[in-house]
Every structure is written in C-alpha cells, then in structure tokens.
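Asker: quick one, what's the 3D model for this:
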Amino acid sequence: MKLLQAELQKLKKSTLARNAGWMFLGQGLGLISQALYFILLARLLGTAQYGVYAGTFALVSLVGQYSSLGSDTVFLRYVSADKTRFAPYWGNVLLFVCGLSLVVSFVLHLIGHYILNPESAAIVFPAAISICFCTQMGFAAGRVFQTFEKMRVTAMMNLLTNVMRLIAAAVMVVTMHRATAGQWVIASLIVSLIGAVVAVVAVSMNFGRPKFDFSLAKRHAGEGLQYSFSQSTSSAYNDLDKTMLSHYGMNVANGIYAMAYRVVEIATIPIFSLRDAAMPRFFQQGAKGIDHAAELGRTLLRKAFWLGLAGAAGMFLLAPLVPYVVGHDYAQSVSALRWLCLIPVFRSVHQMTGSALTGSGMQKYRTTSQCVAAAFNFCLNLWLIPRHGWLGAAWASLLTDGGLGIMNWVIVARLSRTATRQAVAAAA
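Answerer: Alright, predicted model coming up:
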C-alpha cells in the first residue's frame, strides 16, 4: 500500500513538473518572441511614443480584469473539481467578457482625458477593446486548458498571440521605420482580435459548446468580483506608476521606465509558469484546508525563489546591453533595470503564498493585502514621481513588492497554524 502511495505521489509530481515544463517552454518561446517584439516596438516608437503607449496600456490594465468579472478564475475553481461542469461555466465566461468589455472600454474612454496626457488619452478606446475583450478572451480560453491540465495547448495559444504581435511589429518596422503609438494600437487590436477568435474556436473544438445559465452568472458574480478586484489591485501596484508618469506628462521618462519594467516582467515568466501549472493543485489542496495549500506553496517557493534570484542576477549583469539592443534612446533604462532587478525575488514570495490563499478559498485575505499594497504604492508614487521621475517609481515598486511578500507570508503562516491547532483539537 505504501509503495502504491509513493508511486502515485511520484506520478503527481511528474505531472506537475511536466505541466510546469510545458508552461515554461511555451512561455520561454513566448519570452523570445516577446523580447524580439519589444525590441522592434521600442525601435519603431522611440522613447517618447513608447511612453505614450505605456501610459495608455497601464491605465487600461488597471481595470481590464473587470471585463471578465473573475469568471475565468471561477471556472478554474469549480471545473477543476468536477470536469462535467465545463459547459455552463464556459458560457458564464463568455457572458461576462462579451457583455462587460464594451462597457468598461467606453467608461475608460470617458475618463481617460482626466487621467492621462492628451496623446495617451486619444488611443484609450482601441487599446481598451484590445485588452478588455481580446486579451481577456484569450486568457480565459487558456484557463480552460489549464483547468484540464493541458498545458501544452495553453502554451501554444500564448505563443500564437506573441508571434502574431512580433510579425505585426516586424512588418511595421520594415515598411514604416517609425510609427506613432496610435498606429501601433490599431495594428495590435487587429492581431488581438484574430488571436481571440482562434482561442474560442480551440476551446469549442476540444471541449464542446457552452451553455448559458443566467442564474449561474448571478450566483457567482460576487465571488468573481472578489477575484477581479484582487487582480485589479495587482495591476494597480504594477501599473499605477506608469499611469502617473503619463499624467505628469513625463513621456520620455515613462518610455525609459516602461522598457526596464517590461524586461522585469519577462524575467518573471518562469515564476508565473510554475504558479500557473500549479493552480489546479492549489485548488485541490486548498479544498482540504489552508495548511495543505500552504505546504504546497512552501514546496514551490523553494524552486520559485531560486528562479527569481537567477533572474535578478541576470538583469543586473546584463543591463548594459539594453541600449545596444533597443536603441541608445533607452540608455537610462540600464539604471532603471538595475534598480528593479530584485522584483522577481519578491514576486516569487507573494505569488506562491498568494496562490495558497486563493486556492484555499481565503481570497479575501489576499485581496486585503493587495489593497494595502496598492494604496501604499499610490501614496509613494504621488510623493516620489513629481520629485524623482522614473527613479521614484522604481523605489515605490521595490518597496511595494517587498512589502506584499512579507504580508502574504505572515497571513499564510498564521492561518496555517490556526488550522493545524484546530485539527489537533478536533482529533483529541
């Protein structure tokens, strides 16, 4: 019996490793295409226009998650436990994304002029359609394959979108040499629409048609709102700085900082690959209690921490290559990247501990810590950006990600100890 349990445990570990491997391979190839895409985009736009685009993208990303109302995470939670629930929960995703994306995009169009500089505000609506509808639909389709632990298909879908954007950027560089942020947003919208259609067709071909149940949508709307709010607070502490740099008209500084931050996001891909591959397991272990999800989180953190540390070292050492790759306009991105290089280490902590909270139904604690982090980040940026520009934004990002890692670690540790004590008391 013990031998059988050991073999089953090895099988589970090998499945997780295989899924993480597929996610890493797909996102690794995506990393290469993304890197090439951003090199071409940086050269296509230049620092000022890249800053214009970064400000628009940051504002839309702050609220883009509300166009799905967390229905993709609701799908992952409930269909992971019972695969026969696919059709109504997939229908629930389509209802929310199709219904809310236009509303969110229109609202962003109305308020953009009050938040961003005029150049960035002018391209908010097409950027919002691209992110709120196309990107969210593609991400939700990826969630479906993730739920069924078909990470190979998820990886291929993510790679498809990146390759299409790379091709679009390459064509524009060859034919136009230089472009405005508005021209790039339109091109990106076209390829994003194609990617969204391919993603939905792939889900239908693999799992069948959706079923639309409005009572189900109503029943899970509150839970989905919690997930969306949590994701938007995550976007807040990642994107508030670029939105505020745009608000103050610092387009060149925004281009320098946004380029460095994009390198940080690429370096964090291995950590996100591990997290995404493990999310179905977090929900499965979380159903047994927070202590089980916490144990899984600690196990994965031992791997994620070293991935973050390797990313940090690589960014610090290789930062001087940035101007040679994306253009000498981005020379100051070297300093920005070195200031930001520790963020992957901090993210390894708050992503694994946060996933343990989400998987065990303790999302409210994760949301609370992210709200505190977002408010802290806003106050720091409000104080630092007018005085220090992109350097102030970098300081705020470091303090925010580090603080969030500490908060999540403390919350998980306390909840886990409480659950363990209760289990011991019940057994006695």
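Asker: now stretch 161-168, how far from the centre of its chain.
Answerer: In terms of CA atoms, centre = their mean, to the nearest Å, the centre of stretch 161-168 is found 18 Å from the chain centre.
Asker: name the residues that touch it?
Answerer: Stretch 161-168 has contacts (CB atoms under 8 Å, 6 or more residues apart in numbering) with 30, 33-34, 36-37, 40, 138, 187-188, 190-192, 194-195. For glycine as for every other residue, the C-beta is placed from the backbone atoms N, C-alpha and C.
Asker: widest-spaced pair of the residues you listed?
Answerer: The largest separation in the contacts of stretch 161-168, counting by CB to CB, is between Leu40 and Gly138 at 21.1 Å.
Asker: before we move on, the earlier item: out of the contacts of stretch 161-168, which comes closest to Leu100?
Answerer: Gly138 (15.9 Å).
Asker: which pLDDT value goes with the residue lying closest to the closest one once chain neighbours are set aside?
Answerer: Distances taken as CB to CB, 6 or more residues apart in numbering place Ala199 nearest to Gly138, at 4.5 Å, with adjacent residues excluded. Per-residue pLDDT puts Ala199 at 87.
Asker: does Ala199 touch Arg143 like I think?
Answerer: No: between Ala199 and Arg143 there is no contact under CB atoms under 8 Å: 10.4 Å.
Asker: how about Leu296, what does it touch?
Answerer: Listed by CB under 8 Å, 6+ apart, the contact partners of Leu296 are Ala278, Arg281, Phe282, Gln285, Ala356, Gly359.
Asker: wait, the last one sits on Gly289?
Answerer: If I follow you right, that is Gly359. No: contact criterion CB under 8 Å: Gly359 and Gly289 do not qualify, at 10.6 Å.
Asker: the more surrounded of these two?
Answerer: Higher neighbour count among Gly359 and Gly289: Gly359, with 28 against 18, using other CB atoms under 10 Å.
Asker: all helices for the stretch 51-200 of the chain, in order.
Answerer: Under the criterion DSSP state H, counting those that start in this stretch, the stretch 51-200 of the chain contains helices at 71-81, 86-115, 118-121, 124-128, 136-147, 151-176, 181-207.
Asker: need these in CSV (columns: distance to Arg338).
Answerer: Listed next are the helices of the stretch 51-200 of the chain as CSV, based on distance: least, CB to CB, whole Å:
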stretch, distance to Arg338
helix 71-81, 35
helix 86-115, 30
helix 118-121, 27
helix 124-128, 30
helix 136-147, 31
helix 151-176, 26
helix 181-207, 27
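Asker: could you identify which of those helices has the lowest mean pLDDT?
Answerer: For those, mean pLDDT drops lowest on helix 151-176, to a mean of 78.
Asker: how distant is that helix from the center of its chain?
Answerer: Centre-to-centre, helix 151-176 and its host chain are 18 Å apart (CA atoms, centre = their mean).
Asker: what of stretch 347-366?
Answerer: With CA atoms, centre = their mean, you get 14 Å for stretch 347-366.
Asker: and it, what's buried?
Answerer: Within stretch 347-366, the residues that count as buried by 16 or more other CB atoms under 10 Å are 347-360, 362-363, 365-366.
Asker: thinking again about what came up before, Leu391: which of the contacts of stretch 161-168 is nearest?
Answerer: Lowest distance from Leu391 to the contacts of stretch 161-168 (CB to CB) belongs to Gln34, with 25.4 Å.
Asker: need the pLDDT of that closest one.
Answerer: pLDDT for Gln34: 68.
Asker: try Asn19
Answerer: Reported pLDDT for Asn19: 54.
Asker: ok, now the one 4 residues further on?
Answerer: With respect to pLDDT, Met23 scores 52.
Asker: kindly report the same for Gln363.
Answerer: The per-residue pLDDT reported for Gln363 equals 79.
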